[in-house]
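Peer 1: Below is the structure, and that's it, no one-letter string:
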């Protein structure tokens, strides 16, 4: 087989490079991940003493990502599992039977186990940091490199692959900027336009072109891998469009964000229609702000239940999922006690920027609409006013400003 047939053209001149630091950044579909997997497979088959370590931040992400990619790369080189190599899940490793070289897989969430990967008889010569943006910072990379470079007298490679964060102040972008000026560093920026179209398929290309039409800035970030920067406004207001369902609502989802003494409690009703689109059907909104007597969990539970019943009757649709912030135990327990309905608790995690990206990505697909009614005005208003905290972007850790905005006195919302 010819390696050039298995590698995208933009990697032809760098595939066999042994520079100590090789940074691959770019957009979705640039094949940088499959290239790195093939590079490791090539070296552990070709070199007599060359093992490799493949690292991600979290151990539970290894099996369905890089572990599969290395096995796929070995298959592209013509190797057959259980004949030419052995792949084990516990411990997660792959061994080439002809050379004895191994590929070790580990998550950085247990650094002590990474130290245990060192084999004095067969040195690790390639370390691959996949999804670099998941890691905590440059110091984490330096400590890992110091661990694995011991015992290597001829060559050693660190591979870094990632889609650049859009915030130019993110540590990953700062790391790449500093490293790019060094002589021992190779930086490659790639995107899907350099890859044969048949490798990616028609659906991938059409989705990229659709996003280019609907949200050109986001397209440049996701598909071209450009650092587009973070604006003060979190959501693109041009993507929020009013429209009534053109088909029948098949099912309804409810999501609850419960407040306490000062923040609002909101329940959104979302419907999926036979026209293939999602709709924000209606909104329950209650703000305790400037109220001397606040509503109790039992009162909120009853009003949300009545709102839920109203949506079911109005759209003649079944309920699919009902979710609530996992931190809100009082309202969740009250809802189950009074109505026997278990609300699904959702862990919002610690990375608010990543969580927000899920919803931005959903909205940017162009299949989400808001039903134009009085109750939904607060949803659209808050979406348009949702900003990043001042100075948090420059610090490299964007945080949303959760301060409740003032509601115009001439607007009335459901159950205010």
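Peer 2: Looks like it came in fine. Because the structure is predicted, anything quoted here is derived from the model rather than measured.
Peer 1: Tell me where the model's unsure across the protein.
Peer 2: Within the chain, the stretches with pLDDT under 70 are 112, 116, 118-120, 260-261, 349-351, 402-416.
Peer 1: all strands for it, in order.
Peer 2: Assigned strands in the chain, in chain order: 21-26, 51-56, 85-89, 92-96, 102-107, 124-130, 157-162, 185-190, 249-257, 265-273, 278-286, 318-325, 344-346, 368-370 (criterion: DSSP state E).
Peer 1: what sits up against the last one?
Peer 2: Spelled out, that is strand 368-370. 239-243, 277-280, 362, 376, 379-380 (Cβ atoms under 8 Å, 6 or more residues apart in numbering). Just so you know, the C-beta spots here come from the backbone N, C-alpha and C atoms, and that holds for glycine as well.
Peer 1: quick one on the thing from earlier: with residue 11 as the reference, name the closest of the strands of the chain.
Peer 2: Closest to residue 11 of the strands of the chain, according to Cβ to Cβ: strand 185-190, at 7.0 Å.
Peer 1: Columns neighbour count and distance to residue 8 on top of the contacts of strand 368-370, output as CSV?
Peer 2: Conversion of those to CSV gives the following (neighbours: other Cβ atoms under 10 Å; distance: Cβ to Cβ, whole Å):
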residue, neighbour count, distance to residue 8
239, 16, 31
240, 16, 37
241, 13, 37
242, 12, 42
243, 13, 40
277, 17, 35
278, 17, 35
279, 24, 40
280, 21, 40
362, 11, 29
376, 22, 45
379, 18, 43
380, 18, 42
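Peer 1: From the residues you listed, pick the one nearest residue 252.
Peer 2: Among the contacts of strand 368-370, and counting by Cβ to Cβ, the member closest to residue 252 is residue 279, at 9.6 Å.
Peer 1: residues contacting that closest one?
Peer 2: With contact set as Cβ under 8 Å, 6+ apart, residue 279 has these partners: 243, 244, 245, 249, 270, 271, 272, 273, 368, 369, 370, 371.
Peer 1: Equivalent analysis for residue 4, please.
Peer 2: With contacts defined as Cβ under 8 Å, 6+ apart, residue 4 is in contact with residue 12.
Peer 1: Dig out what the nearest residue to residue 282 once chain neighbours are set aside forms beta bridges with.
Peer 2: For residue 282, the nearest residue in space outside its immediate sequence neighbours is residue 269; the separation is 4.7 Å by Cβ to Cβ, 6 or more residues apart in numbering. On the basis of DSSP bridges, residue 269 takes part in beta bridges with residue 254, residue 282.
Peer 1: And residue 269, how far from residue 313?
Peer 2: In this structure, residue 269 and residue 313 are 12 Å apart, going by Cβ to Cβ, to the nearest Å.
Peer 1: in this protein, which spans are helices?
Peer 2: When assigned using DSSP state H, the helices of the chain occupy the ranges 3-6, 32-46, 66-76, 111-115, 138-148, 171-179, 197-200, 202-214, 216-222, 297-315, 329-339, 352-364, 377-385.
Peer 1: can these go into CSV with extra columns for distance to residue 99?
Peer 2: Listed next are those as CSV, based on distance: least, Cβ to Cβ, whole Å:
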stretch, distance to residue 99
helix 3-6, 18
helix 32-46, 7
helix 66-76, 12
helix 111-115, 23
helix 138-148, 19
helix 171-179, 31
helix 197-200, 29
helix 202-214, 35
helix 216-222, 39
helix 297-315, 62
helix 329-339, 55
helix 352-364, 39
helix 377-385, 56
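Peer 1: Let me know which of those is tucked in deepest.
Peer 2: Ranked by mean neighbour count under mean count of other Cβ atoms under 10 Å, the helices of the chain are led by helix 32-46, which reaches a mean of 23.
Peer 1: which residues sit against that one?
Peer 2: Counting by Cβ under 8 Å, 6+ apart, the neighbours of helix 32-46 from elsewhere in the structure are 3, 6-8, 11, 15, 24-26, 50-52, 54, 66, 69-70, 72-74, 76-77, 79, 96, 98-99, 101-103, 125-126, 128, 130, 159, 161, 188, 190.
Peer 1: Among those, the buried ones, what's the PyMOL command?
Peer 2: Command for PyMOL that selects the buried part of these, burial taken from 16 or more other Cβ atoms under 10 Å:
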select buried, resi 6+7+8+11+15+24+25+26+50+51+52+54+66+69+70+73+74+76+79+96+99+101+102+103+125+126+128+130+159+161+188+190
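Peer 1: Can you get me a residue count around the closest residue to residue 151 other than its chain neighbours?
Peer 2: The spatially closest residue to residue 151, leaving aside those adjacent along the chain, is residue 123, at 4.5 Å (Cβ to Cβ, 6+ apart). With neighbours defined by other Cβ atoms under 10 Å, the count for residue 123 comes to 18.
Peer 1: What does residue 123 show for phi and psi?
Peer 2: According to degrees, to the nearest 10, the main-chain angles of residue 123 amount to phi -70, psi 150.
Peer 1: Quick check, it in contact with residue 154.
Peer 2: No. The pair formed by residue 123 and residue 154 falls short of the contact definition of Cβ atoms under 8 Å, at 9.4 Å.
Peer 1: quick revisit: closest to residue 389 out of the strands of the chain?
Peer 2: Taking Cβ to Cβ, strand 249-257 is the member of those nearest to residue 389, at 18.3 Å.
Peer 1: Which residues are in contact with the residue sitting furthest away from the middle of the chain?
Peer 2: Residue distances from the centre of the chain (Cα atoms, centre = their mean) peak at residue 292, which lies 41.5 Å from the mean C-alpha position. Shown in contact with residue 292 (Cβ under 8 Å, 6+ apart): no residues.
Peer 1: Quick check: the nearest residue to residue 134 once chain neighbours are set aside vs residue 177, distance?
Peer 2: Closest residue in space to residue 134, ignoring its immediate chain neighbours: residue 57 at 3.7 Å, by Cβ to Cβ, 6+ apart. Using Cβ to Cβ, one gets 21 Å for the distance from residue 57 to residue 177.
Peer 1: what about the closest residue to residue 169 other than its chain neighbours, how many neighbours?
Peer 2: Counting by Cβ to Cβ, 6+ apart, residue 169 lies nearest to residue 396, which is 4.4 Å off, once chain neighbours are set aside. Counted by other Cβ under 10 Å, the residues lying close to residue 396 total 16.
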